[in-house]
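Student: Any chance you could fold what I've pasted below:
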Amino acid sequence: MVPNQTDVPAFPKINAIVRANGTAEVVVAGNSRNVKAAESLQQLRDNALSLVVREAETLNRAVRVQVDDPEGQGELIVNPDGTKESVSYIAKASRRRVADALTPTASLSAPAVAESIPVPINDEPITDVPGTVPLATGTSMALTSETTSTPTPEAQEAPTRRSLKETSFLVSAPVLEPATKGWRGALTRLGFRMDPSEEEMAEREDIRTVSQHWPGPRTVAVVNRKGGANKTPTVVMLSAILARYSGAATCAWDNNESQGTLGWRTEKGSHDKSVLDLIDSSQTLLSPSTNAAEIANFVHHQTADKFDVLRSDENEEGDHEVTAEEVDIAHQVLTRYYRLVIMDSGNTARAANWRRMIDHTDQLVVPVTAIEDRAEAARLTLQTLESRGGHDAELARNAVVIVSESTDAKRAMSGDALKRAKDEAQRIADGFAPYVRAVVRIPYDPALVNGPIRYEALQPATQRAWLAAAAAVASGF
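Tutor: Predicted coordinates for the structure are as follows:
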């Protein structure tokens, strides 16, 4: 049943932006999703609409979308079955012929046939849209051939020359650099310029995504209620890749309610400071007169991977539990000195520091090894957040799930063991896909099992998979 327009909530906020240069994006709750390129403007609109339909399918209800394309602006109601209903539409008549204004079917936000379309108005009637007549009810009605009067000679002789503001001699299309990888790259180096393969183009797009700069700090929370789910390796890999490619000051924070392992899997600095020391010195660190380099007294720099680590408390008695207020203080300090904060977490979703971490989170990441109990714990983690509604539920819907193949290192050379691990990882990835924004698979790599974790120690296939995972996370910024 098609819902009443007034029954469709405005949350999440969705914008579909289609540009005349052939690019488009759909922005859901502040998260931008690029629209697949198309050969025509109408096909680009259809591709944008398909992303909106996918969001409606995910929410299992109709959604509102604000549309802005070269021919007009308006609001649509989009249903999970793909049907749509126009709420409002205003043509950009100054850049269209009158005949086009009378045929709005080409626009993403216009109905399939000319019909009465509600248009927001002020106290004065709208008179600057050719082809419409203001009505007393506050709506405008598209004129048909029977209701349109014969144009006056003055109107027929109106100039049609475009404004110089609409013209540019600059080339906006990106330059396609030749292939650098595989046999195409080899031929390019021999002097035969070759276009890159689809795989290389995908890798370039991931690099572009993780290399972006975003306004303001961002906080990523890596969560799973089950131990051994690859939370710490995930924090290290995301921190390393995003710090390397974006150049953004990045801190990996071990927000474990007990003694965490992030400090054990990363380089130790020349001191033993932890999050408690940073909290104790927060007043000094937040002072306007404090030099930015002072933060080095409290974090442990990773010399190869270019990010810093804030360790959890390593008090042997374990007699201090980080409170929600202390999380606020530490987060305030870190977001002053770092553009990106990636938080490791413990296994208790009820702990005060875990819940306050979620309050500060912009992007949720749920790692899981391809083992049933780890996958079930990940599902329960997402379910808990979704049941809380509001910000927590939005994080769960836009989460990135990272599924790592799990196999014993001694059996890694066995073809049967690897195949079983890959099949199980794919089964779990497929199970999460309908409920989150992105799912990325990571192949087994012994460099992630024990000891300090280093990006350069990974196999090329593992590095490529983690780059894709980092791109999925960064696209949510």
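
Student: use CA for all of it now, contacts and neighbours both
Tutor: OK.

Student: Count the neighbours of the closest residue to residue 363 other than its chain neighbours for me.
Tutor: Excluding the flanking residues, the one nearest residue 363 by C-alpha to C-alpha, 6 or more residues apart in numbering is residue 220, at 4.9 Å. The number of residues packed near residue 220 is 26, by other C-alpha atoms under 10 Å.

Student: so how many other residues sit close to residue 442?
Tutor: 22.

Student: Ramachandran angles for it?
Tutor: Note on residue 442: its backbone torsions stand at phi -120, psi 130 [degrees, to the nearest 10].

Student: Across the sheet, point out what pairs with it.
Tutor: Assessed by DSSP bridges, residue 442 has beta-bridge partners residue 404.

Student: domains of this protein?
Tutor: Split into domains by automatic domain parsing, the chain comes to 5-144, 205-474.

Student: Could you check how far residue 197 is from residue 37?
Tutor: Residue 197 sits at a distance of 17 Å from residue 37 (criterion: C-alpha to C-alpha, to the nearest Å).

Student: what residue ranges in this protein are flagged as low confidence?
Tutor: 1-3, 93-162, 167-168, 171-174, 316-319, 407-415 (pLDDT under 70).

Student: all helices in it, in order from the N-terminus.
Tutor: 41-59, 98-101, 153-156, 182-189, 198-210, 231-246, 275-280, 282-285, 324-337, 352-360, 372-388, 390-397, 415-432, 460-474 (DSSP state H).

Student: Which of those helices has the highest mean neighbour count?
Tutor: Most buried of the helices of the chain by mean neighbour count (mean count of other C-alpha atoms under 10 Å) is helix 231-246; its value is a mean of 23.

Student: For it, what is the distance to the chain centroid?
Tutor: Between the centre of helix 231-246 and the centre of its chain there are 16 Å (C-alpha atoms, centre = their mean, to the nearest Å).

Student: Now it - C-alpha only, PDB.
Tutor: C-alpha atoms of helix 231-246 as PDB (Å, rounded to 0.1, in the frame of the first residue of the first chain):
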ATOM      1  CA  LYS A 231      39.300  -5.900  16.600                       C
ATOM      2  CA  THR A 232      42.900  -4.900  17.300                       C
ATOM      3  CA  PRO A 233      44.300  -5.800  13.900                       C
ATOM      4  CA  THR A 234      41.400  -3.900  12.300                       C
ATOM      5  CA  VAL A 235      42.200  -0.800  14.300                       C
ATOM      6  CA  VAL A 236      45.900  -1.000  13.300                       C
ATOM      7  CA  MET A 237      45.300  -1.600   9.600                       C
ATOM      8  CA  LEU A 238      42.700   1.200   9.200                       C
ATOM      9  CA  SER A 239      44.900   3.600  11.100                       C
ATOM     10  CA  ALA A 240      47.900   2.700   9.000                       C
ATOM     11  CA  ILE A 241      46.200   3.000   5.600                       C
ATOM     12  CA  LEU A 242      44.300   6.200   6.400                       C
ATOM     13  CA  ALA A 243      47.300   7.900   7.900                       C
ATOM     14  CA  ARG A 244      49.600   6.800   5.000                       C
ATOM     15  CA  TYR A 245      47.300   7.900   2.200                       C
ATOM     16  CA  SER A 246      45.500  10.900   3.600                       C
END
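
Student: helices or strands next to that helix in the packing?
Tutor: Using 3 or more C-alpha pairs under 8 Å, 6 or more residues apart in numbering; DSSP states H and E, the elements in contact with helix 231-246 are helix 198-210, strand 218-222, strand 250-255, strand 340-345, strand 363-369, helix 460-474.

Student: Contacts for the second one next, please.
Tutor: When you say that, I think you mean strand 218-222. Strand 218-222 is touched from outside by 231, 234-235, 339-345, 357-358, 360-367, 477, with contacts defined as C-alpha atoms under 8 Å, 6 or more residues apart in numbering.

Student: quick one, which of the helices of the chain is nearest to residue 83?
Tutor: helix 41-59 (8.7 Å; C-alpha to C-alpha).

Student: quick one: that closest one to chain centroid distance?
Tutor: Put simply, helix 41-59 sits 16 Å off its chain's centre (C-alpha atoms, centre = their mean).

Student: Need the helices and strands packed on helix 231-246 in a markdown table (columns: distance to residue 63).
Tutor: Below are these laid out as a markdown table (distance: least, C-alpha to C-alpha, whole Å):
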| stretch | distance to residue 63 |
| --- | --- |
| helix 198-210 | 27 |
| strand 218-222 | 27 |
| strand 250-255 | 36 |
| strand 340-345 | 31 |
| strand 363-369 | 22 |
| helix 460-474 | 24 |
